[in-house]
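Chemist: with the sequence up front, the predicted model follows.
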Amino acid sequence: MAGGVAVRRVVVGPLQTNVYLLCRGSDCIVVDPGADARRLLRELEGRRVLAVVATHLHFDHVGAAAEIVRATRAPFVVHVLDWEMRGAFAEMARLWGFREPELPEPELVEGDAELPLGLKAVHTPGHSPGSVSIIGAGFVLAGDTLFYDGVGRTDLPGGDFTQLVRSVCRLYAELPERFLVYPGHGKPTTLGREAGENAAVPRSLCGQLAEAGAGLMPGRARESGA
Ligand SMILES: [Zn+2]
Ligand SMILES: [Zn+2]
């Protein structure tokens, strides 16, 4: 429990995606329903679903979205910059040998946005252009932006490592260290643990980013040095 919102993690699909059921009383939000709609609906036990939210539109996070939305009539919340990439993401699913996910009509958000249950979606681009993290009292659902001891890959369509570093640094800077991080894959961690010891983006890298100003990409650094 955190601020009255209970967080339940359910692992689904071939890429072991974490789905989160965030519930307060009989009201819930479903985050990243990657697969296995029937199991997710069973776990919800008839509670009301106020929204289905995608931290980003990669197929392993939205494979069951259409089915959940049909069953619950909840709005499907997604960032506009990922919605604009849906063609490229569908192509990516095909290239990886997966079925292209059926997507429900979206309710598009831009920048940061309020969600039901007092939660907030903040724009944390980098793994994808429209990646969001969902913040509640005492926790952050980081999607594929931040993992235990790692960060999301940035070699997929629209990925950008400098943006990703900025996004992770924003989480370190704006949220307390005790906050639990619930990532899109793998086990939960805390912001303090990752800020101190994350192998890819520790907080020390954020200072370098601030000094570099323009960014961390080698090309940019050479430009500014010339
Ligand atoms: Zn992803
Ligand atoms: Zn993923």
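Modeler: Thanks, I have it. Residues are numbered from 1 along each chain as shown. Ligands and ions are numbered 1, 2, ... in the order given.

Chemist: and the pLDDT for the closest residue to residue 4 other than its chain neighbours?
Modeler: Leaving out its chain neighbours, the residue that sits closest to residue 4 by C-beta to C-beta, 6 or more residues apart in numbering is residue 24, at 5.2 Å. Glycine gets a C-beta too; all of them are placed from N, C-alpha and C. In this model, residue 24 is scored at 97, pLDDT.

Chemist: residues near residue 24, how many?
Modeler: Residues near residue 24, counting by other C-beta atoms under 10 Å, number 19.

Chemist: hang on, isn't it packed against residue 117?
Modeler: Yes. Here residue 24 reaches residue 117: they are 5.3 Å apart, a contact under C-beta atoms under 8 Å.

Chemist: shared neighbours of these two, anything?
Modeler: Counting by C-beta atoms under 8 Å, 6 or more residues apart in numbering, the common neighbours of residue 24 and residue 117 are residue 5.

Chemist: tell me which parts of this protein are close to ligand 1?
Modeler: 58, 144 (C-beta under 5 Å from the ion).

Chemist: ranges for the helices of the chain?
Modeler: 37-44, 59-62, 65-72, 80-83, 86-95, 161-174, 191-197, 203-212, 218-225 (DSSP state H).

Chemist: now the ones you listed as CSV including mean pLDDT and mean neighbour count?
Modeler: CSV is the format used below for the helices of the chain (pLDDT from 0 to 100; neighbours: other C-beta atoms under 10 Å):
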stretch, mean pLDDT, mean neighbour count
helix 37-44, 98, 16
helix 59-62, 98, 26
helix 65-72, 98, 19
helix 80-83, 98, 20
helix 86-95, 96, 15
helix 161-174, 97, 20
helix 191-197, 98, 18
helix 203-212, 81, 13
helix 218-225, 38, 10
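
Chemist: who wins for proximity to ligand 2 among these?
Modeler: Closest to ligand 2 of those, according to C-beta to the ion: helix 59-62, at 4.6 Å.

Chemist: got the contact list for the closest one?
Modeler: Counting by C-beta under 8 Å, 6+ apart, 13-15, 17, 32-35, 54-55, 89-90, 92-93, 96, 98-101, 103, 143-144, 184 sit against helix 59-62.

Chemist: which one of the helices of the chain lies closest to residue 108?
Modeler: Of all the helices of the chain, helix 80-83 sits nearest to residue 108, with 4.4 Å by C-beta to C-beta.

Chemist: which elements pack onto the closest one?
Modeler: For helix 80-83, the packing partners by 3 or more C-beta pairs under 8 Å, 6 or more residues apart in numbering; DSSP states H and E come out as strand 106-109.

Chemist: what do you get if the cut-off is 10 Å, keeping everything else the same?
Modeler: helix 86-95, strand 106-109 (3 or more C-beta pairs under 10 Å, 6 or more residues apart in numbering; DSSP states H and E).

Chemist: avg pLDDT for the last one?
Modeler: I take that to be strand 106-109. On average, strand 106-109 scores 98.

Chemist: give me the buried subset of the contacts of helix 59-62.
Modeler: 13, 15, 17, 32-35, 54-55, 89-90, 92-93, 98, 101, 103, 143-144, 184 (16 or more other C-beta atoms under 10 Å).
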